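> Take a look and give me a structure for this.
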Amino acid sequence: MNIWDILIQKYTNKWIKDYQQFFIDNYNNKTFNYINNLTYNKNIYNENIYDILLKLPNCNWGWEFLSIRISISFIEKYFYKFPWSKFNLLMNRTINSTFIEKFGHYLDEEQFTYIGVIDFNFIFKTANIYKWNWKCQSSNPHLTLNIVKDNLHLDWCWNQISSHKNITWDDIIENLDLPWNFSYIAFNPNVNFDIIYNNYAKYSWCSNVNHNPTITIDTIYKYLDFNWNWDKLSTYDNFTWDIIISNSHLPWNWNHIIYNRNITWEILVCNLNIKWYWPIYSDIYPYRFNNIYNILNLKTINTENTDILLWKLICSLDIFLYEILDIIVINYQKYKKNNFSKDNFKLIDFNIILEKFNNHFKTGIKWYWNNYEFDAILNENIIIDNLNTQWLWACISNNEYISFIYINEHLDLPWDWNNIQSNEMTYVKKQYIQYNIQQFVFRQLKSMNNIPDDIILKIINFI
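Have a look, this model is predicted:
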C-alpha cells in the first residue's frame, strides 16, 4: 500500500467514525427507533460498525441483512446478544465450519443453502446432521469432479457443475457418461472457443456459445465461417464501441447494440449517421449527457420520435443550459404529461433559477423545488437564505452535499431522519478526504523550507 492509499484510508476511517458518532448522538431524540435505513448505509460497514451496533442495540436494525454482511467472528462473539437471522447467517460469506459446529443447532437446519467456502470434509461429516442443499453446493468453490463422482447419488445441479471453474474440458471428455449440460459448458472459462468450434457438431451447445467468456474480436475473424448469432454478439460486453465501430463491416445488429452496456449517450449522439433504432432507445435508455449542441442536433434525425426523444433528453440533463429554456416552454403544453417533479434537473445557479423561471410561470409551468434539492450544487447557505421556499425536506435530507455537521448545527430544521439515514454524503466525504490530504501535503512541503509558496500551492491544488 502506497502513501496515498494510506492517507485515503486514514481520513476515510476518521470521517466515517465521526459520521457514525453523529447517529449515536442523535439516536435518543430522533426516529431511529422504528426506522432501519441505517442498516443499508455503506458508511456503516467498516471496523466501527461494531461500536455503533453495541451503542445502539435497540435500534430497529435489519438483522436479516446484517446477518449476511457482518463478520462471522463478530457474530460468534455476540451471538446471543443480537437477534441474528438463523436463515441468513448461512449465506454469510465469512461463515466457517467452526461456527457451524458451535451454533449449528440454532440455525435453520431446513435451509443449509450456503454455497461459499465450507470445505467438503465438514459437509460430508455433518451430512446426517444438517440438510445440505446439494444443488447449491454444486457452485461451492471447493467442488472437484472427484467429489461429484464419489457421490453421484446426491442431487447435484449439473448446470452449475458444467460451468464450474474447477471443471476442465479433459474432465468432461473423459467422463462423457455423466449428465453434462453443454449449454452451460459453453459458459465454462476453461472451455475456450477453439474447443467449442472443433466439437460443435458433436454436442448440443445451444446459442450460449455466443457468450463464451473467451470470445474476442480475433475469435470472430478466426472463425468467420461459424454461424454466429449477431443479435447476441452485438450485446456482448466484451465488444466495446471502439471494437464495434472499427469492425463496422461485420453484420452487427444495430437494434441490439443499443442494449450493449458499453454504449453511452455520447456515443449515440456523436454517431447520428448510424441508423439507430430510436423507438427502443427512447424507451429503455437512461438519458444522461450534457452536450447541448448534440441535443439540438437531434432535430436532424428523420423520425417521428425525434420530438419525444428530444424532450426526454431535455428532462434528464445533468447540466441545465438556458439555450433550451425556449424548447421547454414550447414543448411543455405538448408534453405536459411529463410531470416536472419527476425530472431531476441539475441547474447551474439557484439565483438564476429564481430570476429566469419566474418569467416563464405564465406558460403554465409549475416548478417543483424538489427537482433542485437532489442537486450537488445546492449548498447549505442557499437553504438558510431561502427558508421560505417550499423545499421538500425529504429530498434535502438525502442530498449528498449536506453534511452531518451542518445537520447537527441546525437540528431545528424539519429534517427527514429516514432519508438522513440513507444519505451516505458521498460528496461531503470526498471533499473532507481531499482537504485533509492537501493539509497533510502542505505541512510536509512547508517543513522542507526550500520550496517556494507558489509551487506549494500549485502542488496542493493539483491534489
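
> Mind listing residues that contact stretch 136-155?
Identification of contacts with stretch 136-155 by C-beta atoms under 8 Å, 6 or more residues apart in numbering yields 113-120, 123-124, 134-135, 156-161, 164-167, 171, 175, 178. Quick note: C-beta positions are derived from backbone N, CA and C, even for glycine.

> For the longest helix along the chain, enumerate the helices and strands it packs against.
When the chain is parsed with DSSP state H, its longest helix is helix 3-26. Under the contact criterion of 3 or more C-beta pairs under 8 Å, 6 or more residues apart in numbering; DSSP states H and E, helix 3-26 touches helix 49-55, helix 404-409, helix 426-446.

> Can you point out the buried residues in it?
L7, I8, Y11, T12, W15, I16, K17, Y19, Q20, F22, F23, N26 (16 or more other C-beta atoms under 10 Å).

> Equivalent analysis for stretch 70-90, please.
Under 16+ other C-beta under 10 Å, the buried positions of stretch 70-90 are I70, I72, F74, I75, F82, W84, S85, N88, L89, L90.

> Narrow the contacts of stretch 136-155 to those that are buried.
114-116, 118, 120, 123, 134-135, 156-157, 159-161, 164, 166-167, 171, 178.

> In strands only, show me those.
Using DSSP state E, no member of the buried ones among the contacts of stretch 136-155 falls within strands.

> Make JSON lines from the buried residues of helix 3-26 and add distance to N128 and pLDDT to it.
Below are these laid out as JSON lines (distance: C-beta to C-beta, whole Å; pLDDT from 0 to 100):
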{"residue": "L7", "distance to N128": "53", "pLDDT": "85"}
{"residue": "I8", "distance to N128": "50", "pLDDT": "86"}
{"residue": "Y11", "distance to N128": "52", "pLDDT": "90"}
{"residue": "T12", "distance to N128": "47", "pLDDT": "91"}
{"residue": "W15", "distance to N128": "50", "pLDDT": "93"}
{"residue": "I16", "distance to N128": "45", "pLDDT": "90"}
{"residue": "K17", "distance to N128": "47", "pLDDT": "89"}
{"residue": "Y19", "distance to N128": "48", "pLDDT": "92"}
{"residue": "Q20", "distance to N128": "44", "pLDDT": "89"}
{"residue": "F22", "distance to N128": "51", "pLDDT": "91"}
{"residue": "F23", "distance to N128": "46", "pLDDT": "88"}
{"residue": "N26", "distance to N128": "51", "pLDDT": "86"}
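
> low pLDDT regions in the stretch 101-250 of the chain?
Low-confidence segments of the stretch 101-250 of the chain (pLDDT under 70): 109-117.

> Name the nearest of the buried residues of helix 3-26 relative to T216.
For the buried residues of helix 3-26, the minimum distance to T216 (C-beta to C-beta) is 34.8 Å, reached by I8.

> do you know how far the nearest residue to that closest one once chain neighbours are set aside is from Q439?
Spatially, and ignoring its direct neighbours in sequence, I8 is nearest to I433 (6.1 Å; C-beta to C-beta, 6 or more residues apart in numbering). From I433 over to Q439 the distance is 11 Å, taken as C-beta to C-beta, to the nearest Å.

> who's more crowded, those two?
I433 (18 against 13; other C-beta atoms under 10 Å).

> E64 contacts N88, correct?
Yes. E64 lies in contact with N88 (C-beta atoms under 8 Å); the separation is 5.0 Å.

> contacting residues for N159?
N159 makes contact with S138, N181, S183, Y184, according to C-beta under 8 Å, 6+ apart.

> what's the burial count for the last one?
It refers to Y184. Neighbourhood size, Y184 [other C-beta under 10 Å]: 19.

> Remind me what the strand or helix carrying it packs against, helices and strands.
Element membership of Y184 [criterion: DSSP states H and E] is helix 182-185. Here helix 182-185 touches helix 158-162, going by 3+ C-beta pairs under 8 Å, 6+ apart.

> Just the C-alphas of the helix it packs on, formatted as CSV.
What follows is helix 158-162, C-alpha atoms only, in CSV (Å, rounded to 0.1, in the frame of the first residue of the first chain):
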residue,chain,number,x,y,z
TRP,A,158,-25.4,-30.3,-13.4
ASN,A,159,-25.9,-26.9,-14.9
GLN,A,160,-23.7,-25.4,-12.2
ILE,A,161,-21.2,-28.3,-12.4
SER,A,162,-20.9,-27.9,-16.2
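
> and the buried residues of stretch 70-90 as TSV, adding distance to H256?
Listed next are the buried residues of stretch 70-90 as TSV, based on distance: C-beta to C-beta, whole Å:
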residue	distance to H256
I70	42
I72	44
F74	47
I75	46
F82	49
W84	45
S85	41
N88	38
L89	42
L90	39
